[in-house]
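Trainee: the following comprises the amino acid sequence and a computationally predicted model.
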Amino acid sequence: MDLLATTSAVAVSSYALLSTIYKSAQALYAQRENTPSFRNDLGQSALALPSVDIIVPCFNEKPGTLAQCLDSLARQDYEGELRVYVVDDGSANRDVVGPIHKIYANDARFSIILLARNVGKRKAQIAAIRGSSGDLVLNVDSDTILAVDVVTKLAAKMRDPDIGAAMGQLVASNRNDTWLTSLIDMEYWLACNEERAAQARFGAVMCCCGPCAMYRRSALALLLDQYETQFFRGKPSDFGEDRHLTILMLKAGFRTEYVPDAIAATVVPDTLGPYLRQQLRWARSTFRDTFLALRLLPELDGYLTLDVVGQNLGPLLLALSALSALAELAVGGSVPWWTGLTIAAMTMVRCSVAALRAGELRFLGFSLHTPINIFLLLPLKAYALCTLSNSDWLSRTIVSEPTEGDERAVLQAPNSAAGPVATGLASGTIPKPVVPHRPSRLAAPESICGRK
């Protein structure tokens with residue numbers, strides 16, 4: 001009994017100490033620096049702007065969701081050359097998304113690539129990357145809506161040739177649907193404006209998130225083969241493509257950055273089942289690439305080592321303290337007050353700081369994430385660690401991999417010239433959009449979009 005109480009007290013005290021040091025350093029480094037804007041410089045001469053290819057892999061996407069995504073891409077105010085490659089990865093619902101494809105095939109900036117078979121998100125991306133030629137490549141998920149200035153702001157950040165990748169800020173487009181979507185939206189804000197923002201102070205964002213991440217093509221060309229042929233314990237690894245590509249960029253010596261005012265709204269799970277499956281997949285990919293990232297730490301700032309320790313040892317200490325406290329309650333019937341009060345205090349401090357930084361009282365409600373984390377996510381992460389070799393997406397099925405003989409259908413814009421590997425690459429001046437425009441549903445909170 002005394003052993004359980006002592007274990008619980010020591011574990012939760014260690015957790016509180018580590019979290020205080022880690023979160024204090026994170027909050028300090030996450031403060032935005034006053035850096036000059038390159039927006040005016042970018043607008044001076046369209047001829048000097050880098051060309052941008054936007055890659056949108058799709059698999060069984062809802063027609064309305066895909067239409068909103070493509071509409072936001074058609075509305076981008078970027079003055080340089082812009083091309084959009086929509087890669088349908090063998091979807092079973094082409095009969096319903098077909099009309100959306102045809103609408104955007106009439107825009108000379110768009111190429112619709114229809115893969116014959118489902119090959120997975122990573123290979124669908126690579127199919128378009130290898131068939132395009134823009135200076136910069138922007139990966140966008142098919143359920144994501146970009147603010148009109150996202151390409152301009154990310155391209156401005158990429159002016160530094162040492163930067164290999166940059167990500168925008170993610171918000172939940174459906175955050176008002178359920179209590180869970182609201183919670184995930186706050187989780188995204190914290191992940192972007194605390195974790196990524198602090199990492200970006202040292203040019204080492206550890207994961208440029210998939211819904212909106214821009215890459216330098218010259219850097220991609222060096223890494224594409226490694227990216228395509230990732231293996232774990234002898235098996236192909238398909239998910240976690242964003243984190244793995246980011247780590248490869250850092251290993252190659254490039255900086256990875258975060259642009260907080262490049263806003264991307266993405267659809268998040270609205271029920272626990274899909275959310276937990278998503279978290280399981282992410283946990284496996286995080287563990288896999290954390291092992292790879294450890295080799296980078298000696299070359300990076302000391303804060304990044306604290307960041308890795310805080311993100312991995314912190315949950316372990318929290319799990320140990322929670323298990324010891326529950327065992328103490330079950331075995332001896334004594335209430336572990338110290339453990340409970342310490343966890344509650346740490347939770348309220350974090351939520352209060354987030355509410356103050358975001359300027360929104362709703363972040364006090366993020367305290368609900370703590371019991372979800374303790375009773376659902378921590379056990380799920382333990383299961384993920386024990387099943388690292390499992391590469392199941394849990395939400396999609398990979399039928400087969402492409403071969404040299406696979407055929408791809410391409411819907412081209414009228415009068416556009418066919419380019420490399422029949423991707424319909426157009427040349428010359430980018431015409432004005434000819435697709436019908438619908439109001440965007442991008443609704444980022446004002447306190448995020450307009451924060452100085």
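Mentor: Good, I have the coordinates.
Trainee: mind listing the strands for this protein?
Mentor: Here the chain has its strands, by DSSP state E, at 52-58, 82-88, 110-115, 136-140, 144-146, 163-172, 212-216, 231-232, 235-236, 255-266, 408-411.
Trainee: okay, those in a markdown table with mean neighbour count, mean pLDDT and distance to residue 337 next?
Mentor: For glycine as for every other residue, the C-beta is placed from the backbone atoms N, C-alpha and C. Below are these laid out as a markdown table (neighbours: other C-beta atoms under 10 Å; pLDDT from 0 to 100; distance: least, C-beta to C-beta, whole Å):
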| stretch | mean neighbour count | mean pLDDT | distance to residue 337 |
| --- | --- | --- | --- |
| strand 52-58 | 26 | 98 | 51 |
| strand 82-88 | 25 | 97 | 56 |
| strand 110-115 | 25 | 96 | 58 |
| strand 136-140 | 25 | 98 | 48 |
| strand 144-146 | 27 | 98 | 45 |
| strand 163-172 | 26 | 98 | 36 |
| strand 212-216 | 26 | 98 | 44 |
| strand 231-232 | 14 | 67 | 43 |
| strand 235-236 | 13 | 65 | 47 |
| strand 255-266 | 23 | 98 | 40 |
| strand 408-411 | 16 | 59 | 63 |
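Trainee: who wins for proximity to residue 360 among these?
Mentor: Residue 360 lies closest to strand 163-172 among these, at 12.2 Å (C-beta to C-beta).
Trainee: distance between that closest one and the chain's centre?
Mentor: Centroid separation for strand 163-172 versus its chain: 7 Å, with C-alpha atoms, centre = their mean, to the nearest Å.
Trainee: same deal with stretch 143-155?
Mentor: In terms of C-alpha atoms, centre = their mean, the centre of stretch 143-155 is found 14 Å from the chain centre.
Trainee: swap in stretch 366-383?
Mentor: 20 Å.
Trainee: straight-line length of it, end to end?
Mentor: 24 Å (C-alpha to C-alpha, to the nearest Å).
Trainee: packing partners of the longest helix anywhere in the chain?
Mentor: Longest helix in the chain, counting residues (DSSP state H): helix 302-332. Counting contacts by 3 or more C-beta pairs under 8 Å, 6 or more residues apart in numbering; DSSP states H and E, helix 302-332 packs against helix 2-29, helix 197-200, helix 272-293, helix 337-358, helix 378-386.
Trainee: any low-confidence regions in the stretch 151-300 of the chain?
Mentor: 231-239 (pLDDT under 70).
Trainee: the spatially most central residue of the chain: what's it in contact with?
Mentor: Compute the mean C-alpha point of the chain, and by C-alpha atoms, centre = their mean the closest residue is residue 209, 2.0 Å away. Applying C-beta atoms under 8 Å, 6 or more residues apart in numbering to residue 209 gives the contacts 167, 170, 242.
Trainee: how about a cut-off of 10 Å?
Mentor: By C-beta atoms under 10 Å, 6 or more residues apart in numbering, the residues touching residue 209 are 139, 141, 144, 167-170, 188, 191-192, 196, 242-243, 246, 258, 264, 266.
Trainee: list phi and psi for it.
Mentor: Taking degrees, to the nearest 10, you get phi -60, psi 140 for the backbone angles of residue 209.
Trainee: got the strands of the chain as JSON lines, with distance to residue 357 columns?
Mentor: As requested, the strands of the chain are exported to JSON lines (distance: least, C-beta to C-beta, whole Å):
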{"stretch": "strand 52-58", "distance to residue 357": "31"}
{"stretch": "strand 82-88", "distance to residue 357": "34"}
{"stretch": "strand 110-115", "distance to residue 357": "39"}
{"stretch": "strand 136-140", "distance to residue 357": "27"}
{"stretch": "strand 144-146", "distance to residue 357": "24"}
{"stretch": "strand 163-172", "distance to residue 357": "14"}
{"stretch": "strand 212-216", "distance to residue 357": "22"}
{"stretch": "strand 231-232", "distance to residue 357": "37"}
{"stretch": "strand 235-236", "distance to residue 357": "41"}
{"stretch": "strand 255-266", "distance to residue 357": "12"}
{"stretch": "strand 408-411", "distance to residue 357": "45"}
